[in-house]
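> Build the 3D model from these lines:
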Amino acid sequence: MSAGGGGASEGMGRIAIWIANFALGVLCCFLLSRPILLVLEALLLPAQTVAVTPAASTPVARISSDRQIILRRNLFNVSTLAVSGSALSVEEALEATKLPLRLLGTAASADTRLSWAAVEDLESHAHSVVRIDDVLRQQAKVVRIERRRIVLQNGARREELALEQNGGGTVTTTHAAAAAPGDPNAARVKRLADNRFAVARSDVENATRNPAALFSQARIVPKYDNGQMVGVQLNSVQPGSLFEQIGIQSGDTVTTFNGVRIDRPEQSANLLRELTEAKSFNVTVQGSDGRERTLTYELSD
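Sure, this is the predicted structure:
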């Protein structure tokens, strides 16, 4: 293949990954308390430039709105920013950190100022968003953020905090307990029919107070068949999670949104139009058994 052809293919692949994130944003757009256009802004526009916290401080003081935007941009553990093959160094072998931390997701960029990672403290159960030079647990400095891990400088040791993997090498997450019915962060979903759902805006606002918790509810990745993107697949859906409440099951592949098939980069313009004009969302899902079903979501006041 010529150099020009390879560049074109790489560009198309990047757009396909963007569409996967974008389409998944549609699925959970009703979880966001702001209008749809602000969701688009969080997904598509460059991140705000925020002064890096000095190494001696913690990321707790970060502006709340910046944290929310970062979490939304990589809500599904898929990088939203394109990274060229030569932009980042080859991963070096590092020992896993023994700090009680879990990596929930990353957004890695060739421009390190635009890279972020969402991390959970396993002792306090607090979620935070960090950038390079931020410090975790007042001792481990973030020195690099990659697609599958972050690199920490812990004293004289350089360690990694990676997305968890199962025996087959597939990245998974170790799920926290599902939100209890009385939990103010839990969104109450009303089943209007077998495959039709509604959620109150007040519950949506409650859910967005802790958006990082959504990272642990499912693992969502673009799905390809013979090199062709065929949709986005959800795995390891947590029992009692929001995804389960809205009818999504582990192994489901979302193939269309409002009739727009998620199979090629050229559909991005159609997805934008659907998001800005639609009042409800119809999602076509293919189960692990190959059967398709249509799910409809509505916002209620």
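> Report the contact partners of K223.
Counting by CB atoms under 8 Å, 6 or more residues apart in numbering, K223 touches M229, V230, G231, V232, Q233, T253. For the C-beta atoms, the positions are set from N, CA and C on the backbone; glycine is no exception.
> one more time with 10 Å
K223 makes contact with 20, 229-235, 253-255, 262, 286, according to CB atoms under 10 Å, 6 or more residues apart in numbering.
> Strands of the stretch 201-301 of the chain, start to end?
Applying DSSP state E, counting those that start in this stretch to the stretch 201-301 of the chain gives strands spanning 219-225, 228-235, 253-257, 260-261, 280-286, 292-300.
> as a whole number, average confidence for the third one?
Translated: strand 253-257. Mean pLDDT, strand 253-257: 86.
> hmm, back to that, generate a ChimeraX selection restricted to the buried subset of the contacts of K223.
Applied in ChimeraX, the following selects the buried portion of the contacts of K223 according to 16 or more other CB atoms under 10 Å:
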select :20,229,230,231,232,233,234,235,253,254,255,262,286
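> and the contacts of K223 as TSV, adding distance to F197?
Shown next, in TSV, are those (distance: CB to CB, whole Å):
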residue	distance to F197
A20	22
M229	26
V230	24
G231	20
V232	19
Q233	20
L234	16
N235	21
T253	19
V254	15
T255	18
I262	20
Q286	18
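> any idea which of the contacts of K223 is closest to R147?
A20 (13.7 Å; CB to CB).
> Count residues in the vicinity of E123, would you?
If you count neighbours by other CB atoms under 10 Å, E123 ends up with 10.
> That one: what's it in contact with?
L99, P100, L101, R137.
> Once you drop chain neighbours, what's closest to G259?
N282 (7.1 Å; CB to CB, 6 or more residues apart in numbering).
> And the helices in the stretch 101-250 of the chain, which stretches?
Ranges of helices in the stretch 101-250 of the chain, per DSSP state H, counting those that start in this stretch, are 201-207, 242-245.
> Mind telling me which of those the model trusts least?
helix 201-207 (a mean of 59).
> what about the stretch 151-300 of the chain, any weak spots by pLDDT?
Within the stretch 151-300 of the chain, the segments meeting pLDDT under 70 span 165-188, 200-216, 219-222, 264-279, 299.
> So what pairs up with A198 in the strands?
K190, E298 (DSSP bridges).
> Surely it touches Q245?
No - between A198 and Q245 there is no contact under CB atoms under 10 Å: 11.4 Å.
> Just give the nearest non-adjacent residue to E159, would you?
T97 (3.9 Å).
> Excluding chain neighbours, what is closest to R147?
A108 is the one closest to R147 (CB to CB, 6+ apart), at 4.7 Å.
> and that neighbour, how many neighbours does it have?
23.
> From T284, how far off is it?
For A108, the distance to T284 (CB to CB, to the nearest Å) stands at 31 Å.
> Equivalent analysis for E292, please.
In terms of CB to CB, E292 sits 6 Å off from T284.
> And A162, by the same measure?
Distance from A162 to T284, by CB to CB: 33 Å.
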